[in-house]
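Visitor: got a structure for you, letters missing:
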């Protein structure tokens, strides 16, 4: 099996999410992470999934229904930067981000640096102690490099006494491969 960014992210998430947890898919997309999280948290857990495109909501709902995993998920048509309107407590175990655009859709609709940084900030606030954030940063394209730099600049200034940030890059792969970032809330 060839290791890629998705593999790194899923392994990290599996290590840190348990049955009964509350989790967030901040960038729902086609629903792959939403389904994965739904299965990890089981019937006693809950997934909040966000996207700004109705197409993402529709595709994800279909995927969840086909896999009998819809009862523990709320699909929210809103930007990830507004997650605090839906989740008030700091009892979230994991937040998952895949920055970029909806696969096989309009590339002009994509995550933006300002709203992505705001979403990460809000994630850190609602995360419980020892909770984690998984970020897949797809660099390149029209805004990918700018978003990557903004995310890196934000994360490098996080208080290392409160958060551990680990960046995994594929050093010998061409064409700006995606980067996986792990954040662990220590206190």
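Guide: Yep, it's here. Everything numeric here is computed off the predicted structure, so don't read it as measured data. Numbers count the residues shown, from 1 in each chain.
Visitor: counting contacts, what elements does the worst-scoring helix or strand of the chain on mean pLDDT pack onto?
Guide: One helix or strand of the chain scores below all others by mean pLDDT, DSSP states H and E: helix 144-156, with a mean of 88. In this structure, helix 144-156 packs against strand 92-99, helix 113-126, strand 127-137, strand 163-168, strand 179-185, with contacts taken as 3 or more Cβ pairs under 8 Å, 6 or more residues apart in numbering; DSSP states H and E. Using the backbone N, CA and C atoms, a C-beta is placed for each residue, glycine as well.
Visitor: at 7 Å what do you get?
Guide: Packed against helix 144-156 by the contact rule (3 or more Cβ pairs under 7 Å, 6 or more residues apart in numbering; DSSP states H and E) you find helix 113-126, strand 127-137.
Visitor: Now do stretch 26-40, average pLDDT.
Guide: Taken as a whole, stretch 26-40 has an average pLDDT of 95.
Visitor: er, stretch 62-77 actually
Guide: If you average the pLDDT over stretch 62-77, you get 93.
Visitor: Kindly report the same for stretch 167-179.
Guide: Summarised as a single mean, pLDDT over stretch 167-179 is 85.
Visitor: how long is it end to end?
Guide: As for stretch 167-179, its first-to-last residue distance stands at 7 Å under the measure Cα to Cα, to the nearest Å.
Visitor: if I look at residue 60, how far off is residue 164?
Guide: For residue 60, the distance to residue 164 (Cβ to Cβ, to the nearest Å) stands at 30 Å.
Visitor: Contacts for stretch 116-129 next, please.
Guide: Identification of contacts with stretch 116-129 by Cβ atoms under 7 Å, 6 or more residues apart in numbering yields 26, 80-81, 83-84, 87, 89-93, 95, 99, 133, 147, 150-151, 154, 185, 187.
Visitor: Looking at residue 60 and residue 164, which is more packed in?
Guide: Ranked by neighbour count (other Cβ atoms under 10 Å), residue 60 and residue 164 place residue 60 first, with 25 against 13.
Visitor: Now do the contacts for the closest residue to that one other than its chain neighbours.
Guide: The spatial neighbour of residue 60 that comes closest, neighbours along the chain excluded (Cβ to Cβ, 6 or more residues apart in numbering), is residue 31 at 3.1 Å. Listed by Cβ under 7 Å, 6+ apart, the contact partners of residue 31 are 59-60, 63-64.
Visitor: Of the contacts of stretch 116-129, keep whichever come out buried.
Guide: In terms of neighbour count (16 or more other Cβ atoms under 10 Å), the buried residues within these are 26, 80-81, 83, 87, 92-93, 95, 99, 133, 147, 150-151, 154, 185.
Visitor: which one of those residues sits closest to residue 17?
Guide: Minimum distance to residue 17 across these is 5.7 Å, recorded for residue 93 (Cβ to Cβ).
Visitor: What pLDDT does the model give the closest one?
Guide: Confidence at residue 93, expressed as pLDDT, is 98.
Visitor: so who does it touch?
Guide: Contacts of residue 93 (Cβ under 7 Å, 6+ apart): 16-17, 21-23, 128, 131.
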